[in-house]
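Q: predicted model and sequence follow; I will ask about them next.
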Amino acid sequence: MLKKISNQNIYCGDYDWHVCRHHFSFADYHNPENMKFGVLRALNDDIIQPSHGFGPHPHDNMEIISYCVQGQLSHRDDMGNEQTTERGDVQYLCAGSGIEHSEMNGNSSEDLRFIQLWIIPNQSELTPRYSFRKFPEELRQNSFLKIVSGTGDENSLLINQDAEIYVSEINKGKSISHSQPRNRQSYLLCIEGPIDIDGVRLEQHEAIEIFGEVEFTVRAVENGHLLMVEMPEATEK
């Protein structure tokens with residue numbers, strides 16, 4: 001089963017130097033009917049103006065994944081990690097028992113766009129941990145590339161949850177397919193598009209929920225870019 005999430009149903013907050021599309025309740029957006037999707041607690045599509053960002057702030061008991069789409073995302077945390085990510089790079093933070101970090105646009109002239117996901121961990125009070133990976137562009141070209149998983153297979157970043165995150169950049173007119181096992185569900189975001197999923201068209205920023213055992217095909221109407229989170233099927237949203 002496929003359920004489209006259209007742009008008019010995605011909250012877009014304009015915070016002066018920062019525009020964010022919250023796919024689930026977050027910050028000043030609160031909707032008790034849209035708190036999460038399975039273990040996916042947050043999906044924020046952020047655009048940050050040059051030389052701005054989020055100063056040091058705390059987190060705990062959450063798996064935080066950031067995927068850079070455009071510009072430079074500069075990360076710093078109280079464990080001593082400093083990293084700048086660019087398009088296609090992925091960083092992971094196990095907030096666990098508590099961390100403090102900052103996320104800034106490291107460029108003085110170009111906007112930063114990144115997708116940040118919060119995934120509920122399978123344990124609480126874990127030891128905080130940071131990791132980063134740069135994946136070659138050709139690995140996600142016209143193919144589903146696994147960048148995060150609960151097993152760390154296929155060179156993916158290891159997280160504390162039974163969930164996988166895939167990305168793909170698809171050339172105009174090309175198609176890719178994916179088989180979702182039974183008792184699984186996915187949330188697929190059109191980062192850049194439009195794209196078509198089994199006849200359902202997604203414009204940039206839109207998403208689709210995919211439930212149960214199904215094989216589906218994604219076709220790029222124009223050059224497309226997607227991110228998908230697959231996880232155990234939940235009994236309630």
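A: Done, it's in. Numbering: from 1, shown residues only.
Q: and the residue nearest to residue 197 when sequence neighbours are not counted, what element?
A: Spatial nearest neighbour of residue 197, chain neighbours left out: residue 218 (5.3 Å); criterion: Cβ to Cβ, 6 or more residues apart in numbering. Yep, even glycine has a C-beta here, placed from its N, CA and C like the rest. Using DSSP states H and E, residue 218 sits in strand 214-220.
Q: and the residue nearest to residue 197, what are its bridge partners?
A: residue 176, residue 197 (DSSP bridges).
Q: counting neighbours, what do you get for it?
A: Close neighbours of residue 218, defined as other Cβ atoms under 10 Å, add up to 24.
Q: contacting residues around it?
A: Residues counted as contacts of residue 218 (Cβ atoms under 8 Å, 6 or more residues apart in numbering) are 168, 170, 175, 176, 177, 178, 188, 195, 196, 197, 224, 226.
Q: got the residues you listed as a markdown table, with neighbour count, pLDDT and distance to residue 102 columns?
A: Shown next, in a markdown table, are the contacts of residue 218 (neighbours: other Cβ atoms under 10 Å; pLDDT from 0 to 100; distance: Cβ to Cβ, whole Å):
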| residue | neighbour count | pLDDT | distance to residue 102 |
| --- | --- | --- | --- |
| 168 | 24 | 98 | 30 |
| 170 | 25 | 98 | 33 |
| 175 | 13 | 97 | 40 |
| 176 | 18 | 98 | 36 |
| 177 | 11 | 97 | 40 |
| 178 | 18 | 97 | 35 |
| 188 | 24 | 98 | 30 |
| 195 | 28 | 98 | 33 |
| 196 | 17 | 97 | 38 |
| 197 | 19 | 97 | 36 |
| 224 | 25 | 97 | 32 |
| 226 | 25 | 98 | 28 |
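Q: after the strand holding residue 218, which helix or strand is next?
A: strand 224-232.
Q: report all helices and strands that that next one contacts.
A: strand 40-48, strand 112-119, strand 164-170, strand 184-192 (3 or more Cβ pairs under 8 Å, 6 or more residues apart in numbering; DSSP states H and E).
Q: pLDDT score for the nearest residue to residue 203 once chain neighbours are set aside?
A: Distances taken as Cβ to Cβ, 6+ apart put residue 194 closest to residue 203, at 5.0 Å, once the chain neighbours are dropped. For residue 194, the model assigns a pLDDT of 97.
Q: starting at the chain centroid, how far to the strand holding residue 218?
A: Taking Cα atoms, centre = their mean, to the nearest Å, one finds strand 214-220 lying 19 Å from the centre of the chain it belongs to.
Q: list the buried ones in that strand?
A: 214, 216, 218, 219, 220 (16 or more other Cβ atoms under 10 Å).
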